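J.: Fold the following for me, if possible:
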Amino acid sequence: MRQLSGTDSLFLRLERGNQYMHVAGLGIYDPSTAPAGRVRFKDVLRFFQARLDSLPLFRRRLVTVPLGLDRPYWIEDPDIDVEFHVRHIALPQPGDWRQLCIQVARIHSRPLDRSKPLWEAYVIEGLDHIPGLPAGSFALYLKIHHCAVDGEAGTELIRAIHSTLAEDFSEPAARVRRYKDRMPTAPELYLRAVARGVSRVPGLVWLSAETAARVAGAGTAVPGGLSSLLGQQEGPTVARLAEALRKPPATRFTGNVSAHRVVEVVDLPLAGFKTIRASIPEATINDLFMTTVGGALRRYLADKGELPAATLTCMVPMSFRGPDKAADVGNQIGMAVMPLHTELHDPVDRLQEIRRGAAKAKAFNEVVGRDLAARLFEVLPDAASELATRRLVLPQMSVVVSNVRGPDVPLFMAGARLVSFAPVSIAFDGLGLNVTGFSYHGTLWICAVACRDMLPDPAFFAECLRVSFTELERAAAAAATTNAAASTQFAPPKAVRRRSRGASNAPSTRRRRAT
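T.: Residues are numbered from 1 along each chain as shown. Sure, this is the predicted structure:
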């Protein structure tokens, strides 16, 4: 039995109303690589069954403390009904891309059953009219509650449920003898709750003192001091802090989400991102991704006549996992608030401003610690953590933008090759649009998840993402050409460069040859 961390528990508490806190992945598979040239549903069941013993996440379920006096616990249950968790459906005819997105959005709009281990998988067949897919292709939609997994742990989970070879190694190994955790009694849970409540007080005092010392030291630890992290506003630090914490402009994504979602996926070549980086080497892939999303939001809102003059901001999750990405330690994520500079028309200008903002946010997180929020959630009462998140943190953001690096090599499930993989994330109250990227085998797969009332035309938003990336490519290429021309124009002539290597500038006294 293991207790959830403060961050894990927060994701459970945030699940209320129409806000469901599960994350998911949508993979599409080519079965022609399987040993028999096809994959049946029972092959997928067998594949999952073979991995239940190696992945504790699939066997855990929640035990809650009466009256919510303490955080819940995970207990292991070895008697997992795989056929309850792995389900089989098919698209209606004609089975095109839009129908797949609608089906995934419907499943994503339903909460998980908390009396069972918090995961479900759907094998979806009937993808008969999706361009570029081989005959017989199928999709797998796998959703897991965010209290059990974060982005990097999710990537390791994807690796774990796949193989790197097309051969089918899904035969169940010898069953591992497992013992079911004993259900704790109510008095045991109450005693644990009292002990934890007492231990919180010194932890909170120590964390407050340490954080204050770190922030005070920002003047020497960060170039430009604390004021550079709070912007360039004039006036005392308190005024600059208030300005930095000012809410972003309201948009159509600001309200509470409905019970319905939309899902759309865009694929962009990683080679294109690397070409842009060659032109602007200081930029990271994440900077380019945020620039693309910022341009798409600018285009989308301008088309609706709703583009605000001030920039939108985004929540950017930041991992602080150690070298062991698969460590079974719950969520290990912090977050940063960064401007998307939707007020800027030029993509390169937007990229440079996003790059500067990201550098400031990273510098500040290094000063106060990337795990500051997680440590606060660990010592604060759960109700206080939830209230602070709802009232103070989430209102500082317009949308969620996240990017996770995935495998660079092709993966296989039950012998079928994984063709594409899109991350399907969470739409929050007040943050009705979530744009998440996942790189896999040379492609960045971008998934937009939103409240259907806020984004009624997801295909148009997908087109905005493609156009924004194309504009960034062209602008970066033009800037590189201009810079190259400028450096050539101001370069000294070859003769001058050759003479300047050590020759004297005095006139030559050598006598000319007579003609």
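J.: Give the residue spans of the stretch 251-400 of the chain that score low on pLDDT.
T.: Regions of the stretch 251-400 of the chain meeting the criterion pLDDT under 70 cover residues 322, 324-327.
J.: for the chain, that is, sorry about that
T.: Low-confidence regions of the chain, defined by pLDDT under 70, span residues 168-180, 197-246, 322, 324-327, 483-515.
J.: and the residue most central in space within it, what element?
T.: Central residue check for the chain by C-alpha atoms, centre = their mean: the C-alpha nearest the mean position is that of residue 402, 3.1 Å away. Of the helices and strands defined by DSSP states H and E, residue 402 is found in strand 399-405.
J.: And that strand, what does it pack against?
T.: The elements that strand 399-405 packs onto, with contact taken as 3 or more C-beta pairs under 8 Å, 6 or more residues apart in numbering; DSSP states H and E, are helix 151-160, helix 285-303, strand 313-319, strand 433-440. C-beta: built from backbone N, CA, C; applies to glycine.
J.: Other residues contacting the third one?
T.: Residues outside strand 313-319 that contact it (C-beta atoms under 8 Å, 6 or more residues apart in numbering) are 150-152, 248, 286, 290, 293, 332-340, 361, 365, 370, 394, 396-402, 431.
J.: re the thing from before, what residues does the residue nearest to the centre of the chain make contact with?
T.: 151, 316-317, 423, 425, 434-437.
J.: Can you add distance to residue 384 and mean neighbour count and give the helices and strands packed on strand 399-405 back as CSV?
T.: Rendered in CSV, the data for the helices and strands packed on strand 399-405 read as follows (distance: least, C-beta to C-beta, whole Å; neighbours: other C-beta atoms under 10 Å):
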stretch, distance to residue 384, mean neighbour count
helix 151-160, 25, 20
helix 285-303, 31, 24
strand 313-319, 20, 20
strand 433-440, 25, 25
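J.: possible to save the ones you listed as TSV with distance to residue 352?
T.: Rendered in TSV, the data for those read as follows (distance: least, C-beta to C-beta, whole Å):
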stretch	distance to residue 352
helix 151-160	26
helix 285-303	9
strand 313-319	17
strand 433-440	20
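J.: Residue 441 contacts residue 408, correct?
T.: Yes: here residue 441 lies in contact with residue 408, judged by C-beta atoms under 8 Å, at a distance of 6.4 Å.
J.: ok, back up a step: for the helices and strands packed on strand 399-405, which one sits closest to residue 111?
T.: Minimum separation from residue 111 across the helices and strands packed on strand 399-405 (C-beta to C-beta) falls at strand 433-440, 16.9 Å.
J.: any idea how far the closest one is from the chain center?
T.: Averaging C-alpha positions (C-alpha atoms, centre = their mean, to the nearest Å) puts strand 433-440 6 Å from its chain's average.
J.: now the end-to-end length of stretch 447-465.
T.: Start to finish, the residues bounding stretch 447-465 are 10 Å apart (C-alpha to C-alpha, to the nearest Å).
J.: Just the buried positions in it, please.
T.: Buried residues in stretch 447-465, counted by 16 or more other C-beta atoms under 10 Å: 447-452, 454-455, 458, 461-465.
J.: Beta-bridge partners for the residue nearest to residue 151 when sequence neighbours are not counted, please?
T.: In this structure, residue 151 finds its nearest non-sequential neighbour in residue 404, 4.5 Å apart by C-beta to C-beta, 6 or more residues apart in numbering. Applying DSSP bridges to residue 404 gives these bridge partners: residue 438.
J.: wait, what's in contact with residue 404?
T.: When the contact criterion is C-beta under 8 Å, 6+ apart, the partners of residue 404 are 151-152, 154-155, 423, 436-439.
J.: now the strand holding residue 402 against helix 285-303, angle please.
T.: For strand 399-405 against helix 285-303, the angle between stretch directions is 150 degrees (axes from the mean of the first three to the mean of the last three C-alpha atoms, to 10 degrees).
J.: Just the angle for strand 399-405 relative to strand 313-319, thanks.
T.: Going by the same axes, to 10 degrees, strand 399-405 makes 30 degrees with strand 313-319.
J.: and the gap between the nearest residue to residue 49 once chain neighbours are set aside and residue 44?
T.: Distances taken as C-beta to C-beta, 6+ apart put residue 82 closest to residue 49, at 5.2 Å, once the chain neighbours are dropped. Between residue 82 and residue 44 the distance, using C-beta to C-beta, to the nearest Å, works out to 10 Å.
J.: Of those two, which one has the most company?
T.: A direct count of neighbours by other C-beta atoms under 10 Å for residue 82 and residue 44 places residue 44 higher, at 22 against 15.
J.: Quickly note the distance from the more buried one to residue 110.
T.: Note on residue 44: its distance to residue 110, by C-beta to C-beta, is 21 Å.
J.: can you check residue 319 too?
T.: When distances are taken as C-beta to C-beta, residue 319 and residue 110 turn out to be 28 Å apart.
J.: Likewise for residue 393?
T.: According to C-beta to C-beta, residue 393 stands 27 Å off from residue 110.
J.: what does residue 129 give?
T.: For residue 129, the distance to residue 110 (C-beta to C-beta) stands at 26 Å.
J.: which of residue 441 and residue 408 has more neighbours?
T.: Taking neighbours as other C-beta under 10 Å, residue 441 and residue 408 compare with residue 441 leading, 17 against 10.
J.: The more buried one - nearest residue in space that isn't next to it in sequence?
T.: residue 410 (5.4 Å).
J.: just the helices in the stretch 351-500 of the chain please.
T.: 372-379, 382-388, 458-489, 494-499 (DSSP state H, counting those that start in this stretch).
J.: from the chain's centre, how far out does the third one sit?
T.: Read it as helix 458-489. Using C-alpha atoms, centre = their mean, we find the averaged C-alpha position of helix 458-489 to lie 24 Å away from the chain's own average C-alpha position.
J.: Mind listing what's buried along it?
T.: Of the residues in helix 458-489, those buried by neighbour count under the rule 16+ other C-beta under 10 Å are 458, 461-465, 468-469, 471-473, 475-476, 479-480.
J.: Ramachandran coordinates for residue 265?
T.: The phi and psi values for residue 265, taken as degrees, to the nearest 10, are phi -130, psi 140.
J.: what about it, how many residues close to it?
T.: Around residue 265 there are 23 other residues, counting by other C-beta under 10 Å.
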